[in-house]
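Enquirer: Predicted model follows, preceded by the sequence.
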Amino acid sequence: MESPLLSLRGISKSYGQVHANQQIDLDVAPRSIHAILGENGAGKSTLMKLIYGVEQPDSGTVAWNGQNLSLASPAEARRAGIGMVFQHFSLFESLTVVENIRLIVAGKKAELAERIRKLGHEFGLEVDPLTHVHSLSVGERQRVEIIRCLMTDPKLLILDEPTSVLPPQAVEKLFETLRRLRDGGVSILFISHKLEEIQSLCDRATILRGGRVTGHVDPREHDAHDLARMMIGRDMPEPMPALPLDEGEKRLELIGLDYRPDDPFAVPLSQVSLVVRAGEILGIAGISGNGQSELAALISGETILPRDQRDQIFMMGKDVGMLEPAARRQLGFAFVPEDRLGRGAVPEMSLTLNSLLTAHPLNLVKRGLLDKAQATAFTNECIRDYDVRTRGPEAEAGSLSGGNLQKFIVGREIMLAPKLLFLAQPTWGVDIGAASAIRKRLITLRNEGMAILVISEELEELFELSDFIQVLHHGTLSPPLVTRDTKPEDIGRYMIGAQSQREKAIA
Ligand SMILES: Nc1ncnc2c1ncn2[C@@H]1O[C@H](COP(=O)(O)OP(=O)(O)OP(=O)(O)O)[C@@H](O)[C@H]1O
């Protein structure tokens, strides 16, 4: 092999009792796309943080182009030619795209805006440089992160689950971008839970389990089942069959919902109608930025309808358009937001306190005081049942790996035994074994009569879960399509607005 661009030997890193990385050896060749594979909590993000100078190893050596390298900060890593796009975004919401980029890349605003447009166009990462970040969807924020990284002209680009929120078309475009970058001499470290992606994109893969390297392979020589087995140490579980059920009562109904946001960058919704019945899963497909966050806020109660808009949102038969989130939850509604660190959990608080955020009605508070024993028992149950890998209920939410925090939030909301459960991107960042366990659980709950609404950008996920799929495009919702009679291409046409509203619809 050509001498490696980056070479790690015996790298270890612990957080207290947790050995996040142990004796890691890794060589990244020049001009290669190298996958890092592993379950939630296997140590992938930690390893990337060590390479990017966010954290320093306890022991071991790093060589960069054959020279010893020790990085005290990400700024030093960037100067050396290492760039990273994080799983959790690091953009300032109150600044515009170009202002955010200017914090890292030198240049005049107008010039930078022009470069952002050009790069966006060239690599299929279109985003308006003058938009405020708070009005961007998760997918759009990720585009900004990737562009910002490309603007520092890295020799090694680290991408932590870059495709998890991108629609299929954008994934292919991103892959073209990455291949072009590789051909131009950039090496890429690519973390993903999607084995098919790794096989189509990567020429090498390193597999981690429990903080240790369990193998270096060429992913093109192994099928997805093989890779999954190496990663999780057993075969993938089979999907759960959905049982046919009689038509249940309506638990959520939107009738001709119109919404004009004050924010000029937000997407207005027009004539959105949907029904979710007991014993049914409705999936909402669509490319992010088409009104998903606006719709989610209206359903959760984060956005409240003005007084004159009556009879547009019903939960359990009650007009809830003007009710606060807590009042909706009292009716039997639970919600897993897409933004797990901003809205789903408070990173600085322990898991037990995070349980209280939504589960306090389950006798976790007595006479205004925290019932510590009950709250800890609830949290322990959630950790055990949802396979949340953490040191315990007192761990800060922010110390969990991304996928494990997501499992915790999904578990907490399901444990409320709601009548209506709404999940936005339920398995974002969750490894394949755990994602399949969450989907199985959702189908079991559906079979037991829960009404479930899922917003997801992952079509495969919606096909596995949903009885019906509706597609959100430019703030309007397609009619419901019966999943078993629908092909992904049909959904794809709605996603880009190419399908006439009447075709393929059920009456
Ligand atoms: N700052 C921290 N404090 C304490 N423990 C931590 C910290 N960061 C990571 N850990 C622990 O180290 C282990 C490895 O976490 P890491 O985030 O590297 O996993 P990962 O493979 O990237 O997982 P995921 O796929 O869920 O993102 C986990 O057990 C995690 O809880």
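Expert: Done, it's in. Numbers count the residues shown, from 1 in each chain.
Enquirer: contacting residues for residue 245?
Expert: 279, 280, 446, 447, 449 (C-beta atoms under 8 Å, 6 or more residues apart in numbering). To be clear about C-beta, it is placed using only N, CA and C from the backbone, and glycine gets the same treatment.
Enquirer: The closest residue to residue 303 other than its chain neighbours: which element?
Expert: Once flanking residues are discounted, residue 303 sits nearest to residue 297: 4.0 Å by C-beta to C-beta, 6 or more residues apart in numbering. Taking DSSP states H and E as the criterion, the element that holds residue 297 is helix 292-300.
Enquirer: what does residue 143 give?
Expert: Counting by DSSP H and E, the element that carries residue 143 is helix 138-150.
Enquirer: Let me know the next secondary structure element after that helix.
Expert: The first helix or strand that comes after helix 138-150 along the chain, using DSSP H and E, is strand 156-160.
Enquirer: residues in the stretch 401-507 of the chain within reach of the ligand, list them.
Expert: By C-beta under 6 Å from any ligand atom, the residues of the stretch 401-507 of the chain that approach the ligand are 401, 402, 403, 404, 429, 431.
Enquirer: secondary structure element for the most centrally placed residue in the chain?
Expert: Relative to the mean C-alpha position of the chain, the nearest C-alpha, by C-alpha atoms, centre = their mean, is the one of residue 428, at 3.1 Å. Residue 428 is located outside every helix and strand, with elements delineated by DSSP H and E.
Enquirer: Just confirm it contacts residue 338, I think it does.
Expert: Yes - checked against C-beta atoms under 8 Å, the pair residue 428 and residue 338 is within contact range at 6.9 Å.
Enquirer: still on that earlier bit, how far does the helix holding residue 297 sit from its chain's centre?
Expert: With C-alpha atoms, centre = their mean, to the nearest Å as the basis, helix 292-300 stands 17 Å off its chain's centre.
Enquirer: For that helix, name the packing helices and strands.
Expert: Under the contact criterion of 3 or more C-beta pairs under 8 Å, 6 or more residues apart in numbering; DSSP states H and E, the helices and strands touching helix 292-300 comprise strand 250-259, strand 269-277, strand 420-424, strand 451-455.
Enquirer: what does the helix or strand following the last one rub up against?
Expert: This means strand 451-455. Along the chain past strand 451-455, the next helix or strand (assigned with DSSP H and E) turns out to be helix 459-465. Helix 459-465 is contacted from outside by 168, 239, 281, 283, 285, 426-427, 435, 439, 442-443, 452, 454, 456, 469, 483, 488, 491-492, using C-beta under 8 Å, 6+ apart.
Enquirer: buried residues in helix 459-465?
Expert: Neighbour counts using 16 or more other C-beta atoms under 10 Å place 459, 461, 462, 463, 464, 465 of helix 459-465 among the buried residues.
Enquirer: same check, this time on stretch 482-500
Expert: Judged by neighbour count (16+ other C-beta under 10 Å), stretch 482-500 contains these buried residues: 483, 486, 490, 491, 492, 493, 494, 495, 499.
Enquirer: and this protein, which residues reach the ligand?
Expert: Residues of the chain lying close to the ligand by C-beta under 6 Å from any ligand atom are 15, 18, 20, 38, 40-46, 389-390, 399-404, 429, 431.
Enquirer: go with 5 Å
Expert: By C-beta under 5 Å from any ligand atom, the part of the chain that sits against the ligand consists of 15, 18, 20, 40-46, 399, 401-403.
Enquirer: taking the residues you listed one by one, which sit in strands?
Expert: Counted as lying in strands by DSSP state E, out of those, are 15, 18, 20.
Enquirer: any idea which of the residues you listed is least confident?
Expert: Per-residue confidence over those reaches its minimum at residue 18, where pLDDT is 88.
Enquirer: can you pull the contacts of that residue?
Expert: Applying C-beta under 8 Å, 6+ apart as the definition, the contact partners of residue 18 turn out to be residue 391.
Enquirer: Look up which residues are beta-bridged to it.
Expert: With beta bridges defined as DSSP bridges, residue 18 has these partners: residue 15.
Enquirer: All the helices of the stretch 201-350 of the chain, residue numbers only.
Expert: Along the stretch 201-350 of the chain, the segments classed as helices by DSSP state H, counting those that start in this stretch run 224-232, 292-300, 325-330.
Enquirer: need the contact list for residue 276.
Expert: Contacts for residue 276 were tallied using C-beta under 8 Å, 6+ apart; they are 250, 251, 252, 253, 282, 420, 451, 452, 453.
Enquirer: Which pair in these has the greatest spatial separation?
Expert: Taking C-beta to C-beta, the two most distant members of these are 253 and 452; they sit 14.6 Å apart.
Enquirer: what about the two, which has more around it?
Expert: residue 452 (27 against 19; other C-beta atoms under 10 Å).
Enquirer: May I ask which of the residues of the stretch 401-507 of the chain next to the ligand has the most neighbours?
Expert: residue 403 (28 neighbours).
Enquirer: Now distance to residue 212 and pLDDT too, for the contacts of residue 276, in TSV please.
Expert: Putting the contacts of residue 276 into TSV (distance: C-beta to C-beta, whole Å; pLDDT from 0 to 100) gives the following:
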residue	distance to residue 212	pLDDT
250	51	95
251	46	97
252	46	97
253	51	97
282	42	97
420	43	97
451	43	97
452	38	97
453	40	98
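Enquirer: what pLDDT does whichever residue of the stretch 251-400 of the chain sits closest to the ligand get?
Expert: For the stretch 251-400 of the chain, the nearest residue to the ligand under the criterion C-beta to the nearest ligand atom is residue 399, separated by 3.7 Å. Residue-level confidence at residue 399 comes out at 90, pLDDT.
Enquirer: next one: the one 5 residues further on
Expert: At residue 404, the model reports a pLDDT of 90.
Enquirer: how close does it get to residue 319?
Expert: Taking C-beta to C-beta, to the nearest Å as the measure, residue 404 and residue 319 are separated by 38 Å.
Enquirer: Next, the buried residues of stretch 268-287.
Expert: For stretch 268-287, the buried set under the neighbour-count rule, 16+ other C-beta under 10 Å, comprises 269, 272, 274-287.
Enquirer: Now do the contacts for residue 65.
Expert: Residues near residue 65 by C-beta under 8 Å, 6+ apart: residue 5.
Enquirer: Please renumber the chain so that the first residue is 807 from this point on.
Expert: With the count now opening at 807, the last piece we talked about shows up as residue 871.
Enquirer: For the helix or strand containing residue 881, which outside residues touch it?
Expert: When elements are defined using DSSP H and E, residue 881 is found to belong to helix 880-886. By C-beta under 8 Å, 6+ apart, the residues outside helix 880-886 that reach it are 857, 858, 859, 860, 870, 875, 877, 889, 890, 910, 958, 960.
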